[in-house]
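Enquirer: Show me how the following folds:
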Amino acid sequence: VINTAVNYTVGFVKRKLEVVAEFLADESVKSRLLADKQWVEGRPGYTWARAMETARFMRRLGAGKDGVTFLDKLRQVLTQIGNSLGYVRMVRTAGMRSMAGSLDYLEACPWLGGERKSFADAGGKSELVKAAEDADCEGAVVEASALAENAARSVRRCFE
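Expert: Residues are numbered from 1 along each chain as shown. Got it, this is the predicted structure:
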């Protein structure tokens, strides 16, 4: 599911970047941006007045069929690109967080090459492990409580 979402988003971003490249390739836009580049080279920074002048120039380029200026459409496309990248990061983080809880179980799987560890012998016993020991539970219950504590600690690390 994650790969499908990411691949779809990459295609979406690619199409949007083509729109941005087409806008920047327009001769009037390119000439204005090159003029601004030359203007900035002799000065310490880009002033607010120059930015407003450039924005007015871009607005004069016209508008689409829906009445929205090309500059505003560019802003919308750039916002969509940013939101898409944020979505991919969110999906990636959610996948990592969902997998983090099972890491302790995977480390203990003997068929994956891991050694069967006794989590109760890890030292620094938690309240859950102490409660299991105080209740005179079987060794497997104590070990399961230590495993549950380690899994909870792993999940907590993801949110820190």
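Enquirer: Give the residue spans of this structure that score low on pLDDT.
Expert: 100-126, 128, 155-160 (pLDDT under 70).
Enquirer: And the helix or strand hosting M52, what does it pack against?
Expert: Element membership for M52, per DSSP states H and E: helix 48-59. Packing partners of helix 48-59 (3 or more CB pairs under 8 Å, 6 or more residues apart in numbering; DSSP states H and E): helix 27-41, helix 70-100. All C-beta spots, glycine's among them, are computed from the backbone N, C-alpha and C.
Enquirer: buried ones in it?
Expert: 54, 57-58 (16 or more other CB atoms under 10 Å).
Enquirer: just to revisit the earlier point, okay, the helices and strands packed on helix 48-59, which one's buried deepest?
Expert: helix 70-100 (a mean of 14; mean count of other CB atoms under 10 Å).
Enquirer: got the angle for it vs helix 27-41?
Expert: Interaxial angle of helix 70-100 relative to helix 27-41 (axes from the mean of the first three to the mean of the last three CA atoms, to 10 degrees): 80 degrees.
Enquirer: got the contact list for the residue of the chain positioned farthest from its centre?
Expert: Computed with CA atoms, centre = their mean, the residue of the chain farthest from its C-alpha average is D136, at 46.2 Å. By CB atoms under 8 Å, 6 or more residues apart in numbering, the contact list for D136 is empty.
Enquirer: mind checking how far it is from P44?
Expert: Going from D136 to P44 by CB to CB, to the nearest Å gives 76 Å.
Enquirer: Pick out the residue nearest the middle of the chain.
Expert: Closest-to-mean residue, the chain, CA atoms, centre = their mean: R89 / 1.6 Å.
Enquirer: who's in contact with that one?
Expert: For R89, the contact set (CB under 8 Å, 6+ apart) is empty.
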